[in-house]
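S.K.: Any chance you could fold what I've pasted below:
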Amino acid sequence: MPVTHESWGQCPAGPVTRYLLTNAAGNTVAVLNYGGIVQSIVVDGAEMVLGCDDLQGYLDPNPSYGAIVGRYANRIADARFTLDGRTYELVANENGNQLHGGPEGFNRQLWEAEPLATDTTASVKLRRRSPDGEMGYPGNLDVTVTYTWTDDNVLRIDYAATTDRDTVLNLTNHTYFNIGQTDTVLDQQLQLHADRFTPVDGRQIPTGELPAVEGTPFDFRAGKPVGRDIRADHPQLRAANGFDHNFVISGYDGSLRECAVVTDPATGRRLRCLTTEPGVQLFTTNFPTGKYQMRGGAPTPTYGGLCLETQHFPDAPNQENFVTPLLKVGNTFNSTTEYRFE
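M.R.: This next block holds a predicted model:
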């Protein structure tokens with residue numbers, strides 16, 4: 001399967017390249033070496049994700065459209081954590097916390113890229129070394145992220161990393177999906193295989209509790225329209241103006257398992273998400289219409305897409321009830337997520 005590439009402008013660190021992965025059906029995935037951004041996914045002639053037409057849209061303030069997020073996805077309270085008796089002060093970028101690895105996280109970095117192709121897959125492998133102390137984290141971290149597009153319309157993301165000092169690591173992808181033909185995802189059906197979720201305080205930091213979803217607007221186990229309960233009179237939803245919460249994947253054992261299914265009733269399209277991670281952050285694009293722009297300079301609408309950010313739990317290094325995603329010297333971090341378009 002072919003992998004083509006084209007120059008896509010210049011970022012502060014150097015030239016940016018756009019890689020186009022094309023399968024036998026002519027469906028495509030476009031990936032940038034800047035931020036590891038999934039810039040486009042086109043299936044049967046329809047765009048599946050939110051994004052921008054040019055590099056400037058990604059250099060300007062944006063909600064991490066399609067990007068690799070790290071070193072630590074989601075939030076770390078007060079931008080600090082303690083490991084082996086030492087406290088590490090991180091670079092804060094949201095209300096005194098660190099969000100998505102800080103202001104110069106992996107989504108703002110230029111990656112080395114290597115296109116790869118077989119008879120049935122098209123891939124691009126991205127690499128970078130995150131130096132010791134970057135955004136406050138310990139250890140020189142060598143990271144690879146491989147995007148693979150198959151003839152079955154599966155986008156597979158394989159993450160791997162090693163370190164020369166013990167550290168914490170939580171990687172995800174921040175693609176905004178809209179598999180329908182309307183401006184919002186409110187009518188799309190979402191099923192989450194999650195019996196519990198992690199509620200947050202007023203700063204979007206987990207409280208440490210793991211309540212059941214049953215009897216709450218957070219119960220997506222049987223599937224329901226995204227918009228059914230998004231404006232429910234619930235303190236968690238009022239604070240976030242929608243869903244921006246981590247869900248605990250049922251039956252997690254580290255194997256690749258389905259965590260979410262999105263269905264568009266109008267078109268019959270379906271998106272399945274599978275992961276080896278224990279959690280998935282549902283974010284329903286809650287910011288006001290016009291805060292950001294997307295393709296064609298159009299304002300990104302409130303609830304215009306949804307993210308399924310597979311991950312370890314937010315703020316886990318500071319939470320006694322959560323497992324910290326620790327990467328030790330001599331070990332290799334591995335994680336896989338698949339997005340299957342049907």
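S.K.: Low-confidence ranges, the stretch 1-150 of the chain, go.
M.R.: Scanning the stretch 1-150 of the chain for pLDDT under 70 picks out no residues.
S.K.: and L326, what does it touch?
M.R.: Neighbouring residues of L326 by Cβ atoms under 8 Å, 6 or more residues apart in numbering: L83, D166, T167, V168, L169. Where you see a C-beta, it was placed from the backbone N, CA and C, and this is true even at glycine.
S.K.: now do V323
M.R.: Contacts for V323 (Cβ under 8 Å, 6+ apart) come out as P278, H312, F313, A316.
S.K.: again with R128
M.R.: Shown in contact with R128 (Cβ under 8 Å, 6+ apart): F106, Q109, L110, W111, E112, V143.
S.K.: my read is it is in a strand, agree?
M.R.: Yes - R128 forms part of a strand when assessed by DSSP: H, G, I helix; E, B strand; the rest coil.
S.K.: Could you find the closest non-adjacent residue to it?
M.R.: Using Cβ to Cβ, 6 or more residues apart in numbering and skipping the chain neighbours, the partner closest in space to R128 is W111 (4.9 Å).
S.K.: same thing with G227?
M.R.: Closest to G227 by Cβ to Cβ, 6+ apart is L186, at 3.0 Å.
S.K.: I'd assumed I230 was in contact with that neighbour.
M.R.: Yes - assessed by Cβ atoms under 8 Å, L186 is found in contact with I230 at 6.9 Å.
S.K.: list residues touching both of the two?
M.R.: In contact with both L186 and I230: Y303, using Cβ under 8 Å, 6+ apart.
S.K.: just to revisit the earlier point, for the contacts of L326, which two are the farthest from each other?
M.R.: Using Cβ to Cβ, the pair of those lying farthest apart is L83 and L169, separated by 11.5 Å.
S.K.: Of these two, which one has the most company?
M.R.: L169 (23 against 16; other Cβ atoms under 10 Å).
S.K.: Report the contact partners of that one.
M.R.: G70, R71, Y72, L141, A161, T163, P325, L326, L327, F333.
S.K.: Quick one: which of the residues you listed is the most crowded by neighbours?
M.R.: Counting by other Cβ under 10 Å, top hit in the contacts of L169: Y72 with 32 neighbours.
S.K.: mind listing what that one touches?
M.R.: By Cβ under 8 Å, 6+ apart, the contact set of Y72 is Q98, H100, G101, Y137, V168, L169, N170, P317.
S.K.: Looking at neighbours, which among those residues is most surrounded?
M.R.: When neighbours are counted by other Cβ under 10 Å, G101 leads the contacts of Y72 with 30 neighbours.
S.K.: How much space separates that residue from D244?
M.R.: Per Cβ to Cβ, to the nearest Å, G101 is found 17 Å from D244.
S.K.: R203: helix or strand, and which one exactly?
M.R.: Of the helices and strands defined by DSSP states H and E, none includes R203.
S.K.: Now do the nearest residue in space to it that is not next to it in sequence against V168, distance only.
M.R.: In space, and not counting its chain neighbours, R203 is closest to N95: 5.4 Å by Cβ to Cβ, 6+ apart. Here the criterion is Cβ to Cβ. By it, N95 lies 21 Å from V168.
S.K.: For stretch 313-326, measure first residue to last.
M.R.: Taking Cα to Cα, to the nearest Å, stretch 313-326 runs 12 Å from one end to the other.
S.K.: Likewise for stretch 289-308?
M.R.: End-to-end distance for stretch 289-308: 20 Å, by Cα to Cα.
S.K.: quick one: average pLDDT of that stretch?
M.R.: Average pLDDT, stretch 289-308: 96.
S.K.: Which residues belonging to that stretch are considered buried?
M.R.: Buried residues in stretch 289-308, counting neighbours by 16 or more other Cβ atoms under 10 Å, are found at 292-295, 300-308.
S.K.: Same list (those) but as a markdown table, adding distance to L190 and secondary structure.
M.R.: Listed next are those as a markdown table, based on distance: Cβ to Cβ, whole Å; DSSP: H, G, I helix; E, B strand; the rest coil:
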| residue | distance to L190 | secondary structure |
| --- | --- | --- |
| Y292 | 22 | coil |
| Q293 | 26 | strand |
| M294 | 21 | coil |
| R295 | 23 | helix |
| T300 | 19 | coil |
| P301 | 18 | coil |
| T302 | 17 | coil |
| Y303 | 12 | coil |
| G304 | 15 | coil |
| G305 | 12 | coil |
| L306 | 7 | strand |
| C307 | 12 | strand |
| L308 | 9 | strand |
